[in-house]
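Q: fold the stuff below for me.
(one chain, ligands or ions: 2)
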Amino acid sequence: MDSKPEIIIELKNLTKKFKFVTAVNDLNLEIYKGEILGFLGPNGAGKTTSMKLMASLLKPTEGEIFIRENGKLQKLTSHNKDYLLDNIGFLIENPEFYKDNTPRQLLTLFAKLKGYPRDKINDRVAEIIHMVDLSQWIDQKLGTFSKGMRQKIGILSALVHDPVILVLDEPQTGLDPKARREIRDLLLQLKNQGKTIFLSSHLLYEIAEIADRVAIISHGILVACDTLENLEAQSKSSHIQVELLNMNDINETGMQIDKLIQSFLTEPIRYNKDSRVFELPFDGDPEKQYKILQVLIQNGMKIIDFTVSKADLLESLYLQHISQSDKTYKEFQKKAIKVENII
Ligand SMILES: Nc1ncnc2c1ncn2[C@@H]1O[C@H](COP(=O)(O)OP(=O)(O)OP(=O)(O)O)[C@@H](O)[C@H]1O
Ligand SMILES: [Mg+2]
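A: Residues are numbered from 1 along each chain as shown. Ligands and ions are numbered 1, 2, ... in the order given. So this is what the prediction gives:
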């Protein structure tokens, strides 16, 4: 990605209040051209609501949405929404397709609705069905499809008109590992074709694997948005997983290791005497990571694996941000109740 990324969508002070809840609270978010931006957050955090606001399925209580068109960011309004939203393909919440329809019928309908050139629709539908390896199913009824196959068709329905941006709400939820992987590969393939992808998920492993940046929302508030590396550096909390060739190594040299690398660690080593794997909590500084490895090898440890797992890292960063946000939210609620009582 360029050092100065181009913003393709900008959410400015976006707020959506329902009767009893502020689902999205002063959300400021920039989506960069060509990136995969993962959107994470607990149940009820405001992910789907944010996406519905982007799709103009809901009207914001406050705030604005800008979408790039003709080289400049343009404010989304009720007058220009059809024109601006043609740039985006949405898959929001599980679409219920007509079971008696075939992918060809469904995708043709979506392409027509989005104004794709009529004479090109047949070829486009065949092309995208081929991309997900479902060409032999193009004329089969959707009622006979597995969940993974239906989900692929759902994604295709969002991209049949060849939009530059895709907004996908939990495209991998409920799928088995093979289907998840297929969707992951498809998203990467689309990114390589130049698409920008904004996707929500609860699957941290999937996001860690494919996202260029992650945005974390909690109680409607954006609590983090950056690359995994930058979030790691900001939190100064990471851990290396080390696996040894022989279990005895850790028992014989365990205490000695503690002393050797203590100065590089933020917490004591976490190890289980019955396992060949142990964890070294450190601040994520790559220089220290290198030095730790050097010391361990110089001291004769037979290391067969030495990794900072991206998925583990994302999980611990996610949990840190969410628990901090839960605390702040509870304090805010307490104060609000006190004020109510006074009034
Ligand atoms: N139409 C609505 N009317 C009233 N409240 C709503 C409505 N839609 C969403 N909410 C509330 O807004 C909050 C955010 O919901 P939203 O569906 O955006 O969360 P989410 O992050 O997508 O959650 P999940 O991970 O469970 O899909 C929740 O408290 C939800 O109950
Ligand atoms: Mg949701």
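
Q: from now on I want contacts and neighbour counts done on CA atoms only, so please keep to that.
A: Noted.

Q: name the helices or strands packed onto the host helix or strand of residue 148?
A: Following DSSP states H and E, one finds residue 148 within helix 147-159. Counting by 3 or more Cα pairs under 8 Å, 6 or more residues apart in numbering; DSSP states H and E, the packing neighbours recorded for helix 147-159 are strand 88-91, helix 103-113, strand 165-169, helix 177-192.

Q: how about the residues of this structure near ligand 1?
A: Applying Cα under 6 Å from any ligand atom, we find that the chain lies next to ligand 1 at 18, 21, 23, 41-49.

Q: next step: those restricted to helices.
A: 47-49 (DSSP state H).

Q: would JSON lines of the helices and strands packed on helix 147-159 with mean pLDDT and mean neighbour count be doable?
A: Below are the helices and strands packed on helix 147-159 laid out as JSON lines (pLDDT from 0 to 100; neighbours: other Cα atoms under 10 Å):
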{"stretch": "strand 88-91", "mean pLDDT": "96", "mean neighbour count": "24"}
{"stretch": "helix 103-113", "mean pLDDT": "95", "mean neighbour count": "19"}
{"stretch": "strand 165-169", "mean pLDDT": "97", "mean neighbour count": "24"}
{"stretch": "helix 177-192", "mean pLDDT": "92", "mean neighbour count": "16"}
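
Q: if I look at residue 192, how far off is ligand 1?
A: Residue 192 sits 27 Å away from ligand 1, going by Cα to the nearest ligand atom, to the nearest Å.

Q: what's near enough to touch that residue?
A: Contacts for residue 192 (Cα atoms under 8 Å, 6 or more residues apart in numbering) come out as none.

Q: would you map the helices across the chain?
A: Counting by DSSP H, the helices of the chain are 47-54, 81-85, 103-113, 121-131, 147-159, 177-192, 204-210, 228-235, 247-261, 286-298, 310-342.

Q: the domain parsing of this protein - what is it?
A: According to automatic domain parsing, the chain is divided into the following domains: 7-229, 233-308.

Q: ok, and the closest non-adjacent residue to residue 277?
A: Using Cα to Cα, 6 or more residues apart in numbering and skipping the chain neighbours, the partner closest in space to residue 277 is residue 243 (4.3 Å).

Q: swap in residue 137?
A: Going by Cα to Cα, 6+ apart, residue 137 has residue 103 as its nearest residue, at 7.6 Å.

Q: thought residue 233 was touching residue 286?
A: No. At 9.9 Å, residue 233 does not count as touching residue 286 under the criterion of Cα atoms under 8 Å.

Q: okay, these two: which has more neighbours?
A: residue 233 (15 against 11; other Cα atoms under 10 Å).

Q: what's near enough to touch the residue lying closest to that one once chain neighbours are set aside?
A: Nearest residue to residue 233 in three dimensions, chain neighbours excluded: residue 284, at 6.3 Å (Cα to Cα, 6+ apart). Going by Cα under 8 Å, 6+ apart, residue 284 touches 232-233, 236-239.

Q: give me the pLDDT for residue 284.
A: Looking at residue 284, its pLDDT stands at 86.

Q: contact partners for residue 216?
A: So residue 216 contacts 39-41, 222-225, 318, 321 (Cα under 8 Å, 6+ apart).

Q: ok, now how distant is the closest residue in space to it that isn't next to it in sequence from residue 25?
A: Computed as Cα to Cα, 6+ apart, the closest residue to residue 216 that is not its neighbour in sequence is residue 40, at 4.7 Å. According to Cα to Cα, to the nearest Å, residue 40 stands 15 Å off from residue 25.

Q: okay, the two: which has more neighbours?
A: residue 40 (26 against 23).

Q: for that one, give me the pLDDT.
A: pLDDT, residue 40: 97.

Q: who are the contact partners of residue 233?
A: 283-285.

Q: repeat for residue 247
A: Going by Cα under 8 Å, 6+ apart, the list of residues near residue 247 reads 274-276.
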